[in-house]
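Q: model this:
(one chain, ligands or ions: 2)
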Amino acid sequence: MPAKVDVNTCTGCTSCVDACPAEAIEIENDKAKIIAADCVDCETCVDECPAGAISME
Ligand code: SF4
Ligand code: SF4
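A: Ligands and ions are numbered 1, 2, ... in the order given. You can find the predicted model right below:
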């Protein structure tokens, strides 16, 4: 399953956008948004997020 962002926890820091090898994360309304169709389930963003806002569904 693709990664999932908790928008209430996300600070919009963009670290995950830079870290994602599949370019599957974009910032929308100052929050990260996973493009599920592009996510390759690598979990890199889960480890990179300083806020702990990303989990695997
Ligand atoms: S799990 Fe990997 S491919 Fe999917 S959004 Fe996170 S960093 Fe990108
Ligand atoms: S790394 Fe975490 S806090 Fe930063 S934009 Fe991504 S989901 Fe939000």
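Q: which residues are contacting stretch 39-53?
A: For stretch 39-53, contacts defined as Cβ atoms under 8 Å, 6 or more residues apart in numbering pick out 1-3, 5-7, 9-11, 13, 15-16, 19-22, 24-25, 32, 34, 54-56. All C-beta spots, glycine's among them, are computed from the backbone N, C-alpha and C.
Q: can you flag the buried ones in these?
A: 3, 5, 10, 13, 15, 16, 20, 24, 25, 32, 34, 54 (16 or more other Cβ atoms under 10 Å).
Q: how about the contacts made by the first one?
A: If I follow you right, that is residue 3. 24, 25, 34, 39, 41, 43, 45, 46, 54, 55, 56, 57.
Q: and for residue 1?
A: By Cβ under 8 Å, 6+ apart, residue 1 lies in contact with 41, 56, 57.
Q: how does it look with 6 Å?
A: Contact analysis of residue 1 by Cβ atoms under 6 Å, 6 or more residues apart in numbering lists residue 57.
Q: how far away is it from residue 17?
A: Between residue 1 and residue 17 the distance is 20 Å, computed by Cβ to Cβ, to the nearest Å.
Q: also residue 34?
A: Distance, residue 34 to residue 17, by Cβ to Cβ: 10 Å.
Q: hmm, which two among the buried ones among the contacts of stretch 39-53 are most spread apart?
A: Among those, the pair separated by the greatest distance (Cβ to Cβ) is 13 and 24, at 16.8 Å.
Q: going by residue numbers, what spans are helices in this protein?
A: Under the criterion DSSP state H, the chain contains helices at 15-19, 44-48.
Q: which secondary structure elements does the first one contact?
A: Spelled out, it's helix 15-19. Helix 15-19 sits against helix 44-48, with contacts defined as 3 or more Cβ pairs under 6 Å, 6 or more residues apart in numbering; DSSP states H and E.
Q: centre of the chain versus the helix it packs on, how much separation?
A: Distance of helix 44-48 from the chain centroid (Cα atoms, centre = their mean, to the nearest Å) equals 8 Å.
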